[in-house]
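> Any chance you could fold what I've pasted below:
(2 chains)
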Amino acid sequence: MSLVCLQFRKLAREGQDRSFTEKEADLMEAHRAKCPRCADYETSMVGSLISLRGSELPIEAAEGYTMRVAKKAWVVCQRDTARYWSPALCGAAVAGLLLIALVQLANRGREVNYFRPTTQDARRYPSLDRDPMLLLDHRLAP
Amino acid sequence: MTGLARALVGAAVGAVLTLVLHPISRPYLTAAWLHNPMPSQEELARTPAAGGLEEDDPTFDEDGKTLRIAADNLAILKPKELTANYELAAKMGELHPENAYWRQMAAVFAWHLGKHEETLDLLRKAQESLTWQDYQTHWLQQIQGHLRSAYGSIQSWQFADVYWLRSLAPAEAIGSTERAVIDISSLDTDDGLRFRMIVMRNAALMRDNARSLAVGQIGADVVEQCCQPARPEGPETQRRLLIYRGRFFDHLRHFNRLEAVTIANELFEKNDSWQALINDPNAAKIVQSLSLSSVLAASLPGALMAAAAFGLFLWSLGFLVERSRPVQRLMRFPAILFFALAFAIAAYGITQLPIVGIAIGAGATIAGLTPRHNRSRPPSRLGPFFSFLTGVLALIFLALLAAYFVLGATPSDQVLQSMQLVEEQHISLQILLGTALVILSVLCLAAPMWAFAQRIRTVAVLSSGLKGFGAIVAIVGVVLGVIACPIAIYSDRHMQDTLYRLVVNEPENYYLMRVR
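Got it, this is the predicted structure:
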């Protein structure tokens, strides 16, 4: 049995619960025509399932059995969904925390209080003792 | 989807949600598509000047504003209005003699009323003042407060916006009056020299206490002109300026004004210090570049996200075209002709550029062409060249659309209006959107080419192209937007400090930059 056969049988089983993608449908169709053993496997599996669905059970189900089964199926389904999307949740949490830290860091260190209008004149000039200046009139130089 | 792909999708969604929900980053993301109603330039100009300053008399600001408006309209003021402003300025000068601004403004109105003697008298009194304050800075800070309230958060573009609202008219009016006094003051008479010394001390007060580099420069220029003859002897060179100064000292000594020589020498030295330590020849370019950077920082992350949202729409459209039979039927002749016409009219209506309307119409029409005989088994991929073409077009489209959103955002609107670049902004918006739409129509043109070459239905190529194109725009847009947001916040905070200093005390900023 080749790898394609294995893949065909896996898809045949999954095909009872979901529809195929275009690529999968092409693969199934091509392999069905090529491999009679796999085609027989698929036919017998589908036939058995149909006969199982059609058969009547002689026993009576307990009260609330259907509800319990439905609830369990729902829980299993939710668990699978959570498991499937758990990497996404982890990714979201990591990215979120990282960005909160980055935004806080980027916003840090404001030097000036913009909300308080300045009322005093800042005397700005360069001190003549320290800053360079040109003594133009040499007769005034000490 | 693989585990890694799911983790990356989660990281992207988590990052975008965090940035949207965080109060610091939210304004940077919403700037591109949420347009807060902002006060117009006229409303800003009418901002009441009083209030907010506990230790100051609010009438200072209001009277300062009245005189500023009068200076803005000096050329068209009637004698009655000139007189009213003169009286107001003279009264304020009497009440607050420590501020030379009032008396200098009174001198301006007196000069325009032809009262030359009074002008000289007012300037003589003004030279004894301790300071020079035109009260514009308080007014600008109040406008910034209005912008902050209207926008909902404090960002650097608000300081850039108010920086450009500062009026130079009062300083120019004072400078012009002082130059007129210099023109009538001869260097060869004792009175002429006395008037020049009065003007020099007035101009030095303006230079030393100015909150704006341009105002200080007017003062520094007038100080320099005090020693120059009414008619310059040739082109203004550094050597000639030094000769003028030397001659001015000689004239003062000739009339035995030795104290004036000392004062003039000190004022000239301070002028040299001003030119060397404070005046920056690149100041205008620095502020312009800071203003544009502040606009970019405020709206680039949001613009990239908005472009990514549009990419997501195109991606979804690709899926819709691929899966929906009714949509595929609409993309055939003759229905496509109706859509082509509608798209062309819409594109022309948005951009006002006929070439864009024609390109969109032609692209949509040609997208309806499809080969008569198709392959029964179309390939799942259209080849590396198609992917390359789609990728390049998507990146150009993303850049153009992001630039369009940046230019159309509120910060850009406000700052470019203050910088008087509204016309350029309007043209750039049209060109950017028009080019982005043309890029999209190139994708529509490429689809039938590939369809005929590979014998595939055009709709299949177009849907594949739209999916690839949209995916690249969306993914690259989100990734760049998320990376750009913290960088934008960081640079915006730094620009806020610098632009605040430029608004409050511009010469101080340049002086500190030099001495640090």
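
> can you pull the buried residues of stretch A:82-96?
Within stretch A:82-96, the residues that count as buried by 16 or more other Cβ atoms under 10 Å in any protein chain shown are A:85, A:87-88, A:90-92, A:95-96. To be clear about C-beta, it is placed using only N, CA and C from the backbone, and glycine gets the same treatment.

> How confident was the prediction at residue 34?
Because you didn't say which chain, this covers chain A. Looking at A:Lys34, its pLDDT reads 90.

> Chain B, not that one
Listed pLDDT for B:Leu34 reads 72.

> so it is in which element?
B:Leu34 belongs to no helix or strand when assigned by DSSP states H and E.

> Near it, how many other residues are there?
Number of residues near B:Leu34 (other Cβ atoms under 10 Å in any protein chain shown) recorded here: 14.

> What does residue 2 show for phi and psi?
Looking at chain A here, since you left the chain open. phi -80, psi 170 (degrees, to the nearest 10).

> actually it's chain B I care about, not the one you picked
According to degrees, to the nearest 10, B:Thr2 has phi -70, psi 170.

> Tell me where the stretch 151-300 of chain B is predicted with low confidence.
Residues of the stretch 151-300 of chain B meeting the criterion pLDDT under 70: none.

> just the strands in it please.
For the stretch 151-300 of chain B, no strands are identified by DSSP state E, counting those that start in this stretch.

> ok, for B:Trp353, nearest residue in space, not its chain neighbours?
Careful, residue B:353 is Leu; it's not Trp. B:Gly434 (4.5 Å; Cβ to Cβ, 6 or more residues apart in numbering or on different chains).

> Quick check, central residue of chain B?
Centroid check for chain B by Cα atoms, centre = their mean gives B:Val415 as the closest residue, at 3.7 Å.

> name the element the residue nearest to B:Leu353 belongs to?
Here B:Gly434 is assigned to helix B:422-454, by DSSP H and E.

> Output the contacting helices and strands for that helix.
Applying 3 or more Cβ pairs under 8 Å, 6 or more residues apart in numbering or on different chains; DSSP states H and E, one finds that helix B:422-454 makes contact with helix B:335-351, helix B:354-366, helix B:384-408, helix B:410-418, helix B:458-515.

> Tell me the pLDDT of residue 6.
No chain was given, so I picked chain A. Here, the pLDDT recorded for A:Leu6 equals 90.

> wrong chain, I was asking about chain B
pLDDT recorded at B:Arg6 is 91.

> Can you verify my assumption that it contacts A:Trp85?
Yes - with contact defined as Cβ atoms under 8 Å, B:Arg6 reaches A:Trp85; the gap is 6.3 Å.

> for chain A, which helix is longest?
Determined from DSSP state H, the single longest helix within chain A is helix A:65-106.

> at contact distance from chain B, anything in it?
Yes - judged by Cβ under 8 Å from any Cβ of the partner chain, helix A:65-106 comes into contact with chain B through A:84-85, A:87-96, A:99-100, A:102-106.

> list the contacts for B:Phe386?
Contacts for B:Phe386 (Cβ atoms under 8 Å, 6 or more residues apart in numbering or on different chains) come out as B:446, B:450, B:464-465.

> Distance check, it against B:Gln228.
72 Å (Cβ to Cβ, to the nearest Å).

> Same check on B:Glu87?
In this view, B:Glu87 and B:Gln228 are 34 Å apart by Cβ to Cβ.

> higher neighbour count, these two?
Neighbour totals were compared for B:Glu87 and B:Gln228, and B:Gln228 leads with 19 against 12 (other Cβ under 10 Å).

> isn't B:Phe469 right up against B:Leu443?
Yes - the criterion here is Cβ under 8 Å, and B:Phe469 meets it with B:Leu443 at 5.8 Å.

> which residues are common contacts for these two?
Common neighbours of B:Phe469 and B:Leu443, counting by Cβ under 8 Å, 6+ apart, are B:390, B:393.

> Compare those two and say which is more crowded by neighbours.
Comparing B:Phe469 with B:Leu443 by other Cβ under 10 Å, the one with more neighbours is B:Phe469, at 25 against 22.

> Contacts only, for that one.
B:311, B:314, B:318, B:390, B:393-394, B:397, B:443 are the contacts of B:Phe469 under Cβ under 8 Å, 6+ apart.

> run the last query once more with 7 Å
Applying Cβ atoms under 7 Å, 6 or more residues apart in numbering or on different chains to B:Phe469 gives the contacts B:314, B:390, B:393-394, B:443.

> How about B:Asn509, nearest residue that isn't a chain neighbour?
Using Cβ to Cβ, 6+ apart, the closest residue to B:Asn509 is B:Arg501 (4.1 Å).

> Equivalent analysis for B:Ser186, please.
What sits nearest to B:Ser186 in space, not counting adjacent residues and going by Cβ to Cβ, 6+ apart, is B:Gly192, at 3.8 Å.

> surely the one you found meets B:Ser185?
Yes - counting by Cβ atoms under 7 Å, B:Gly192 touches B:Ser185, with 4.0 Å between them.

> ok, and the most crowded of the contacts of B:Phe386?
Neighbour counts for those peak at B:Gly465, which has 26 neighbours (criterion: other Cβ under 10 Å).

> Check the gap between it and B:Ala214 for me.
B:Gly465 sits 54 Å away from B:Ala214, going by Cβ to Cβ.

> ok, now B:Ser418?
15 Å.

> When those two are compared, which one has more neighbours?
Of the pair B:Ser418 and B:Ala214, B:Ser418 is the one with more neighbours under other Cβ under 10 Å, namely 20 against 14.

> Pull the contacting residues for B:Phe248.
Going by Cβ under 7 Å, 6+ apart, B:Phe248 touches B:227, B:264.

> What of B:Gly318?
Counted by Cβ under 7 Å, 6+ apart, B:Gly318 has contacts B:463, B:466-467, B:470.

> Let's see that with 10 Å instead.
B:462-471 (Cβ atoms under 10 Å, 6 or more residues apart in numbering or on different chains).

> Show the buried residues in those residues.
Buried members of these, scored by 16+ other Cβ under 10 Å, are B:462-471.

> Now tabulate the residues you listed in CSV and tack on pLDDT and distance to B:Arg148.
As requested, the buried ones among the contacts of B:Gly318 are exported to CSV (pLDDT from 0 to 100; distance: Cβ to Cβ, whole Å):
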residue, pLDDT, distance to B:Arg148
B:Leu462, 87, 47
B:Ser463, 88, 47
B:Ser464, 89, 48
B:Gly465, 90, 45
B:Leu466, 90, 42
B:Lys467, 91, 43
B:Gly468, 91, 43
B:Phe469, 93, 39
B:Gly470, 94, 37
B:Ala471, 94, 39
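
> Fine by me, we can end here.
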